[in-house]
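Enquirer: Here is a sequence together with a model predicted from it:
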2 protein chains.
Amino acid sequence: MAPSFVINGGDFAAAIGKTSSGGRASSVYSEVQTSRIDYALPLPSVLTGPFKIVDGPASSAAGNPDGIASLFPNLFGQPSTMLVPTDGEHALDSGRKLKIGVVLSGGQAPGGHNVISGIFDYLQAHAKGSTVYGFRGGPAGIMKCKYVELTPDYIRPYRNQGGFDMICSGRDKIETPEQFKQAEETAVKLDLDGLVVIGGDDSNTNACLLAENFRSKNLKARVIGCPKTIDGDLKCKEVPTSFGFDTACKIYAEMIGNVMIDARSTGKYYHFVRLMGRAASHITLECALQTHPNITIIGEEVAAKKLTLKNVTDYMVDVISKRSELGYNYGVILIPEGLIDFIPEVQQLIAELNEILAHDVVDEAGLWKKKLAEQSLQLFEFLPQAIQEQLMLERDPHGNVQVAKIETEKMLIQMVETELEKRKLEGSYKGQFKGQSHFFGYEGRCGLPTNFDSMYCYALGYAAAVLLHSGKTGLISSVGNLGAPVSEWTVGGTALTSLMDVERRHGKNKPVIKKAMVELEGAPFQKFASMREEWALKNRYISPGPIQFMGPGSDDVNHTLLLELGLVAA
Amino acid sequence: MAPSFVINGGDFAAAIGKTSSGGRASSVYSEVQTSRIDYALPLPSVLTGPFKIVDGPASSAAGNPDGIASLFPNLFGQPSTMLVPTDGEHALDSGRKLKIGVVLSGGQAPGGHNVISGIFDYLQAHAKGSTVYGFRGGPAGIMKCKYVELTPDYIRPYRNQGGFDMICSGRDKIETPEQFKQAEETAVKLDLDGLVVIGGDDSNTNACLLAENFRSKNLKARVIGCPKTIDGDLKCKEVPTSFGFDTACKIYAEMIGNVMIDARSTGKYYHFVRLMGRAASHITLECALQTHPNITIIGEEVAAKKLTLKNVTDYMVDVISKRSELGYNYGVILIPEGLIDFIPEVQQLIAELNEILAHDVVDEAGLWKKKLAEQSLQLFEFLPQAIQEQLMLERDPHGNVQVAKIETEKMLIQMVETELEKRKLEGSYKGQFKGQSHFFGYEGRCGLPTNFDSMYCYALGYAAAVLLHSGKTGLISSVGNLGAPVSEWTVGGTALTSLMDVERRHGKNKPVIKKAMVELEGAPFQKFASMREEWALKNRYISPGPIQFMGPGSDDVNHTLLLELGLVAA
């Protein structure tokens, strides 16, 4: 009955030393948290027996191979690699002790702690006496050589737990020659054999630059990346999904499902739900596939079709009008956080506003508006007053309009409301409209990882350690065949350079791993597109309910992944 | 793997006829939803064998017994009643068929569908051939005689599911003589033996008035109430909790716990979380007990100590400053939705504003402010500008300031920010502050009910049917001993008049069931008060995780109930 426990208070405090970092020493745990600590994680069978490491053919780049070759002279072209079971002896020398660093980079994603446990457990099992250093606070921890030495007791309370608080994360990048120097010094000082960088597209690019740099300086430290981001926009054939996406989407879908049942029970609200995902709309698409909302806006489609804000509003208003005729004055609408960034005319308006605000006086009479291009002026006047004011008043330290601060869901409610009132006067709409806004974001980044994310991350961590143990560098840990049972998952590493293209930024060639956007020809979007008309007018709401760790539904995998793998999802 | 199913499409559509009400005919269900339909609900053992019905002594009223006696001449003084197991024969005639109506009244709360299944299943088991009418859309359904006849097939997809959409709810009241007349006509037309009203304090008062009215007119229809509200403010000795509170709090606590881990991982945000509960702060208190936030504001304490908005702000700023000295520039703060209503000076300001806005011109120069009392003017000037504008501009149809629209969490962020900047200039605060606002409300009202709410509601429904079967009226279904295993739960009915007091409204005596507020001397608040200093400065966050239906934590009961029952909660 008593639903929480203090775990291991004294022992942990003793084991990790007194820290003031807010770690989980003497944390109080809920019963579910406690039970998750001991959740037994299965491993892909290739990792449980003797295996050999098989290299593939030489690799190229996602784009501009010459550019990537010149940016990564030591690493370009190296093969991806795969673990293959063998009847013979284990390929790796279990007598060799390793010193491995690990760092969490960027925003939280459920499962990060399991990547670290995976690295640790592999080394305990196959390179006894190895050391794992957790760099604190992200890449800055590498540069400042701020770390904690991980022990079984230190790691234990974080097993299968959400958050990044074991060693915390940060958004710094290792970019300047000075910063690379600092990283080298840390590698030398700690006598590192390897470093695992857990992060998104930018962080993995950074990992590869670090690998190239260490190699060029003849340091022994290798660097391996791991694909992390709830946004789901770091993926490719060999890396079918980034960790955290599964858990975050299921948390958001739980909330959306609840709100749907509320909408249907009350019969009088339209819930406008904004979801995380600034660059890509994968989260919104996945949540739509899980819950069947009446309206879903996918940023990539808006951009591809060059839709205007008025188009998006009209689409919503049309559905709302039709639903009203059917007797439904309620509904649920999903909007990606980055919607505004996908609308070309909005980008244009903002660019012009930034210019005007930087150089001109904004007079009360509004004469300044004459400086706006015709189309931008129309759009500006179309925006609700509160949004106009927000655009004018809230600026970042560089004086730029802060698009990120615009609460898109509230803006759309106002615009829909205005349009519906117009139609009411014209007699073409007779319903009632009440909008309720929601933003689901932070709730999803640090939840307890699903069984899938727990297992996937553990395997990713295990794989990263294997790759370092075998002397690989510049690869991203790759676990595949994810639609099959865990025992059949494949394990390997993909050349980071093979994922890269070159972008011109500030007059310099920069390597980038392109964000994986929602593909309008891809199976997830196609599935959605084939059903959205039905969802719009009929009420096909699904309430996924809370994430379960045991029993029915607990081992389900997200729809996006299943569809991309060509497996059927309902 | 495929995580959703269409359930029973054709059969249901046929069974319930074509409705355009958005019911669950041919709904698509998630795997968890589907698995919940067949969740086997245990009953208190007294309900599974032969029992007799034992009346207690004559009852009185919660206050002003003479007033209540004159308002309920037929019902006042009737005893509460209890089911007692017997070795002899079952007390009730299983040959008697009943016609029972059921209505959902007011806001959604998880478990309502199970009350209805409980009523239905009891009648199927013990009064075969009985009929259950579900009145549609709340009390209006009674007045308009709008109903659906419930069948096993109709009910099945709603078992253990959230929402009120089986028959939907409404906020109408049966108040005027004309409305009572309509209710009588429905009772006669459907030949009702009884009516179960599932609702909060107002709805149960209404149920008792209806019971009195039916009795006075010599109608055979009896009326029984059931305690529903996520706010947890309908409770007394015999009714230890209202259903829905357990589920809603656990959903909010899941989100709060996630945000806490995020706060600790990121290290740079203060999350201000506003929670539902306009009248009482039970939800906020329960969530605090489940998650251990750094700061929790309980409305009842603010009112009892006559705190000002400045006091509340200063308390927050003091904790934030101290935490900053300890190196923590992050935290989580819980605020009840109704906070503003608990602050006397705010009430005063709003009353004055309503007066001024109704009669005076609000000039741009601000001369109108001279009409405000000194204290109100000070408070007004202390409010952030956005809130000032909101107070002046957003008015309800009667021209009154809309307190409910004020986003308290955003207001407090601005006020805390301003105060911290002041302290920074004075040199007494050196930290960084970034506020993030959240409102957790609609997400919690329609979630899948916890095991506790599922079982509790089923027993409440069963009990209501027993009470009607035995000819009782004017009672509220009462299930007790909730800290024990379900088999040991007690079952009975409590005289609604015994919960009532008289209030003077619009010059008339009105019966009311007083809302149960957070008692500052009660065990839940005392527990919180004894720990909040530790929670403020140390990080004792608990992340309860998602509600589980199987395995560890799945049968936990909320802390408030355990503490009020004198049982230990961690």
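Expert: Yes, it's here.
Enquirer: Look at A:Gln504 and say how many residues are nearby.
Expert: Just so we're on the same page, residue A:504 is Arg rather than Gln. Per other CB atoms under 10 Å in any protein chain shown, the neighbour tally for A:Arg504 reads 9. Using the backbone N, CA and C atoms, a C-beta is placed for each residue, glycine as well.
Enquirer: again, but for A:Lys322
Expert: 14.
Enquirer: got it, and A:Ser530?
Expert: Neighbour count for A:Ser530, taken as other CB under 10 Å: 9.
Enquirer: for A:Asp191, same thing?
Expert: 10.
Enquirer: Give me the phi and psi angles of it.
Expert: phi 60, psi 40 (degrees, to the nearest 10).
Enquirer: How about it, nearest residue that isn't a chain neighbour?
Expert: Among residues not flanking A:Asp191 along the chain, A:Lys99 sits closest, at 5.4 Å (CB to CB, 6 or more residues apart in numbering or on different chains).
Enquirer: quick one, helices of the stretch 51-200 of chain A?
Expert: Here the stretch 51-200 of chain A has its helices, by DSSP state H, counting those that start in this stretch, at A:65-71, A:112-126, A:139-143, A:152-155, A:177-189.
Enquirer: List the buried residues for the first one?
Expert: For helix A:65-71, a neighbour-count test (16 or more other CB atoms under 10 Å in any protein chain shown) marks A:65, A:67-68, A:71 as buried.
Enquirer: can you check the longest one too?
Expert: Judged by neighbour count using 16+ other CB under 10 Å, the buried positions of helix A:112-126 are A:112-123, A:126.
Enquirer: Return the item of those residues having minimum pLDDT.
Expert: Within these, pLDDT reaches its minimum at A:His126, with 94.
Enquirer: Could you find the closest non-adjacent residue to that one?
Expert: A:Ser94 (5.2 Å).
Enquirer: can you count the residues close to that neighbour?
Expert: By other CB under 10 Å, 11 other residues sit near A:Ser94.
Enquirer: Looks like it contacts A:Gly129 (just checking).
Expert: No. With contact defined as CB atoms under 8 Å, A:Ser94 does not reach A:Gly129; the gap is 10.1 Å.
Enquirer: How about the contacts made by A:Tyr39?
Expert: Counting by CB atoms under 8 Å, 6 or more residues apart in numbering or on different chains, A:Tyr39 touches A:159-160, A:451, A:454, A:549.
Enquirer: Specify which member of the residues you listed is nearest to chain B.
Expert: Nearest to chain B among the contacts of A:Tyr39: A:Phe549, at 6.5 Å, using CB to the nearest CB.
Enquirer: From A:Pro42, how far out is the closest one?
Expert: Using CB to CB, to the nearest Å, A:Phe549 is found at 14 Å from A:Pro42.
Enquirer: Those two: which is more packed in?
Expert: Neighbour count, other CB under 10 Å: between A:Phe549 and A:Pro42, A:Phe549 has more, with 25 against 15.
Enquirer: Please list all residues in contact with that one.
Expert: Going by CB under 8 Å, 6+ apart, A:Phe549 touches A:32, A:35-36, A:39, A:448, A:450-451, B:548, B:551.
Enquirer: mind listing what's buried in stretch A:341-352?
Expert: For stretch A:341-352, the neighbour count (16+ other CB under 10 Å) marks A:341-343, A:345-346, A:349-350, A:352 as buried.
Enquirer: which residues are in contact with it?
Expert: Stretch A:341-352 is contacted from outside by A:278-279, A:299-300, A:302-303, A:306-309, A:312, A:336, A:340, A:371-373, A:375-376, A:379-380, A:391, A:401, A:403, using CB under 8 Å, 6+ apart.
Enquirer: Show me what from the stretch 401-550 of chain A comes close to chain B.
Expert: Counting by CB under 8 Å from any CB of the partner chain, the positions of the stretch 401-550 of chain A adjacent to chain B are A:436, A:438, A:442-448, A:483, A:539-550.
Enquirer: what about 6 Å?
Expert: A:442-443, A:445-448, A:539-540, A:542-548, A:550 (CB under 6 Å from any CB of the partner chain).
Enquirer: go on, the stretch 251-400 of chain A?
Expert: Close to chain B, as judged by CB under 6 Å from any CB, the stretch 251-400 of chain A has residues A:255, A:258-259, A:261-262, A:264-265, A:327.
Enquirer: As JSON lines, those residues with distance to B:Met143 and pLDDT would be great.
Expert: Formatted as JSON lines, these follow (distance: CB to CB, whole Å; pLDDT from 0 to 100):
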{"residue": "A:Met255", "distance to B:Met143": "35", "pLDDT": "98"}
{"residue": "A:Asn258", "distance to B:Met143": "30", "pLDDT": "98"}
{"residue": "A:Val259", "distance to B:Met143": "29", "pLDDT": "98"}
{"residue": "A:Ile261", "distance to B:Met143": "26", "pLDDT": "96"}
{"residue": "A:Asp262", "distance to B:Met143": "24", "pLDDT": "96"}
{"residue": "A:Arg264", "distance to B:Met143": "23", "pLDDT": "94"}
{"residue": "A:Ser265", "distance to B:Met143": "20", "pLDDT": "94"}
{"residue": "A:Gly327", "distance to B:Met143": "20", "pLDDT": "95"}
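Enquirer: Keep only those of the residues you listed that are in helices.
Expert: Among these, the members found in helices (DSSP state H) are A:255, A:258-259, A:261-262, A:264-265.
Enquirer: wait, what's in contact with A:Thr490?
Expert: A:Thr490 makes contact with A:480-481, according to CB atoms under 6 Å, 6 or more residues apart in numbering or on different chains.
Enquirer: Tell me the pLDDT of it.
Expert: Turning to A:Thr490, the model gives it a pLDDT of 98.
Enquirer: my read is A:Val536 is in a strand, agree?
Expert: Check again: residue A:536 is Ala, not Val. No. Applying DSSP: H, G, I helix; E, B strand; the rest coil, one finds A:Ala536 to be helix, outside a strand.
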